[in-house]
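Undergrad: Predicted model follows, preceded by the sequence.
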Amino acid sequence: MNYKMVGQIIAPIMAVEAVFMLPPFVISLFDRDSRTAVAFLLTIAIIMAVAAVLWLWCRKAQKLFQAREGLVCVALGWIVVSLFGCLPFIFSGQIPNFIDALFEIVSGFSTTGASILQDVESLSRGILYWRSFSHWLGGMGILVFVLAVLPATGRGGYGMHLLRAESPGPEVGKLVPRMKQTAMILYLLYILFTLLNFLFLLFGRMPWFESICTAFGTAGTGGFSIKNNGMAGYSPYLQNVTTIFMILFGVNFNIYYMLMLRHFRSVLKNEELRLYIIVIVCSILFITLNIRGYYASLAETVRHAAFQVSSVITTTGFATTNFDQWPSFSKTVMLFLMFIGACAGSTGGGFKCGRLLLLLKTLRRNIRKVLHPQMVQVVRANGQVIDEKILDGTSSYLAAYVIIFIFSFILVSLDGFSITSNFSAVLACLNNIGPGLEAVGPTQNYASFGVISKLVLIANMLIGRLEIFPILALFSRSTWSHR
């Protein structure tokens, strides 16, 4: 393990976090909220001091960098920014408990949207901005941003290791030959869609500050709202705009790059995109038929069904209605959507449509092998043969996912909530969704859970956002060996 090389990458990540705390600091000054302004200023000073010491200690690091260093950099990077990112909550006194503050910021960076807050509107605008911006920064990935803007991280051939470790999906590749250009393209697309979302919200007469925070939450598919009633109080136009952009941010960003290159045929043939759209359309149809009569008109029924389906499958977590009061069939569909998640390479969480597609194709291949043992069977996606390493990785991911889920479910059950509450809480945090059912439903929060359960759910949020293996790598003896 090249410890100094890891430190040399963690240091600029911390510096980037400190820079991004300047806007909420300025907002707090503008609002004459001195306590919150001091909280951000103190946090910035602490982060920069620690980052400077770390950089000086690691400045002569050898450039040896392999996959394990990439996994450790990603896992430690997210843990470090979370530990420092929660300090403004504590120093401002708005979330004085460390575990609660850590839960809130990890939920933000991991784009989960689960909250321990019972009165969101009591928070200052500086804290609300930082809370929502954590979604935006975590949505595309903190290290992807560092790769895009800091030239030092583009050298040494280790950019791909970082991108693979942080980006969601069974397979990550370059859009263009240079890794730095790939990261820049991803973030430029991300910024463009966020800006378009912001402008559409402004056009619907949403106040500018609320538009910014909502756009951050939608782009990162995070779901933190700055209103106690979530998105329920906004107009049908604003809810429909959010529905559309949640779906767009749940699409693999490679699709948008192909559209820019006018590779329309490749986009139309993309099997994951087709599965994603089919699941959304069918879910909206089934839930609309199931909840007919719950709302005043068919248009309102479709609007709520479309919003909640889009919110859950993209793991955004916004809510316009309490879907915990829907019939059992609709809630079952929602639980299925919580598991499946969005597309690989998007800002959404969950198991991913791409992995589900590969599992189904692998299952079909294995059935055919039983029926025809002598026949050579391969798995294809989008017309290309899938490498067996990717299929093995998908199966390993599923095995690790199930083990972590079961273990977490058992620990969280110690708090004594119902099975449905505990099951949906773990599912919602591990898949970075936010709201679950019953005690953690759309109108509830996670404040009632004990310290152990909150720590377990914090770990689930990080594990889910980083796709399991970077966090597991921290607990492997071979990761820390000098070989």
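TA: Here it is on my side, so go on. Numbers count the residues shown, from 1 in each chain.
Undergrad: Quick one: mean pLDDT for stretch 275-295?
TA: This predicted structure assigns stretch 275-295 an average pLDDT of 95.
Undergrad: contact partners of it?
TA: The contact list for stretch 275-295, computed with Cβ atoms under 8 Å, 6 or more residues apart in numbering, reads 247, 250-251, 298, 301-302, 304-306, 308-310, 313, 326-327, 329-330, 333-334, 337, 340, 342-343, 353, 356-357. No exception for glycine: its C-beta is placed from N, CA and C like everyone else's.
Undergrad: Flag every buried residue along it.
TA: Applying a neighbour-count criterion of 16 or more other Cβ atoms under 10 Å, the buried positions in stretch 275-295 are L275, Y276, V279, I280, S283, I284, F286, I287, T288, N290, I291, Y295.
Undergrad: Repeat that for stretch 36-51.
TA: By neighbour count, with 16+ other Cβ under 10 Å as the criterion, the buried positions of stretch 36-51 are T36, A37, A39, F40, L41, T43, I44, I47, V50, A51.
Undergrad: Just give the nearest non-adjacent residue to the most centrally placed residue in the chain, would you?
TA: For the chain, the residue sitting closest to the mean C-alpha position, by Cα atoms, centre = their mean, is T111 at 3.8 Å. Nearest non-adjacent residue to T111, counting by Cβ to Cβ, 6 or more residues apart in numbering: G222, 4.0 Å away.
Undergrad: so what's that neighbour up against?
TA: Residues near G222 by Cβ under 8 Å, 6+ apart: 108, 111-113, 132, 134-136, 138-139, 216, 316-317, 434.
Undergrad: Give me the local confidence score for it.
TA: If you check G222, the pLDDT there is 91.
Undergrad: By mean pLDDT, point me to the weakest helix or strand of this protein.
TA: Considering only helices and strands, the least confidently modelled element of the chain by mean pLDDT, DSSP states H and E is helix 159-166, at a mean of 54.
Undergrad: ok, then the element right after it?
TA: Heading C-terminal from helix 159-166, the first helix or strand you meet, by DSSP states H and E, is helix 179-203.
Undergrad: who does that following helix touch, helix- and strand-wise?
TA: Packing partners of helix 179-203 (3 or more Cβ pairs under 8 Å, 6 or more residues apart in numbering; DSSP states H and E): helix 125-140, helix 142-149, helix 159-166, helix 208-219, helix 236-249, helix 253-260.
Undergrad: just those: most buried one?
TA: Sort the helices and strands packed on helix 179-203 by mean neighbour count, taking mean count of other Cβ atoms under 10 Å, and helix 125-140 sits at the top with a mean of 25.
Undergrad: Give me the three-state assignment for the residue lying farthest from the centre of the chain.
TA: The outermost residue of the chain, judged against the average C-alpha position, is Q374 (43.3 Å), by Cα atoms, centre = their mean. For Q374, the secondary structure call by DSSP: H, G, I helix; E, B strand; the rest coil comes out as coil.
Undergrad: can you give me phi and psi for it?
TA: With angles defined as degrees, to the nearest 10, Q374 shows backbone torsions of phi -90, psi -10.
Undergrad: one step back: now render the buried residues of stretch 36-51 as JSON lines, adding secondary structure and pLDDT.
TA: Rendered in JSON lines, the data for the buried residues of stretch 36-51 read as follows (DSSP: H, G, I helix; E, B strand; the rest coil; pLDDT from 0 to 100):
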{"residue": "T36", "secondary structure": "helix", "pLDDT": "97"}
{"residue": "A37", "secondary structure": "helix", "pLDDT": "97"}
{"residue": "A39", "secondary structure": "helix", "pLDDT": "98"}
{"residue": "F40", "secondary structure": "helix", "pLDDT": "98"}
{"residue": "L41", "secondary structure": "helix", "pLDDT": "98"}
{"residue": "T43", "secondary structure": "helix", "pLDDT": "98"}
{"residue": "I44", "secondary structure": "helix", "pLDDT": "98"}
{"residue": "I47", "secondary structure": "helix", "pLDDT": "97"}
{"residue": "V50", "secondary structure": "helix", "pLDDT": "96"}
{"residue": "A51", "secondary structure": "helix", "pLDDT": "95"}
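Undergrad: Can you pull out the low-pLDDT segments for the protein?
TA: In the predicted model, the chain carries pLDDT under 70 at residues 61-65, 143, 145-180, 482-483.
Undergrad: hang on, the earlier thing: show me which of the buried residues of stretch 275-295 is closest to D119.
TA: When the buried residues of stretch 275-295 are ranked by distance to D119 (Cβ to Cβ), Y295 comes first, at 27.5 Å.
Undergrad: What is the burial count for the nearest residue to R365 once chain neighbours are set aside?
TA: Setting aside the residues directly before and after it, R365 is nearest to Q377 in space (Cβ to Cβ, 6+ apart), at 4.7 Å. A total of 14 residues lie near Q377 under the criterion other Cβ atoms under 10 Å.
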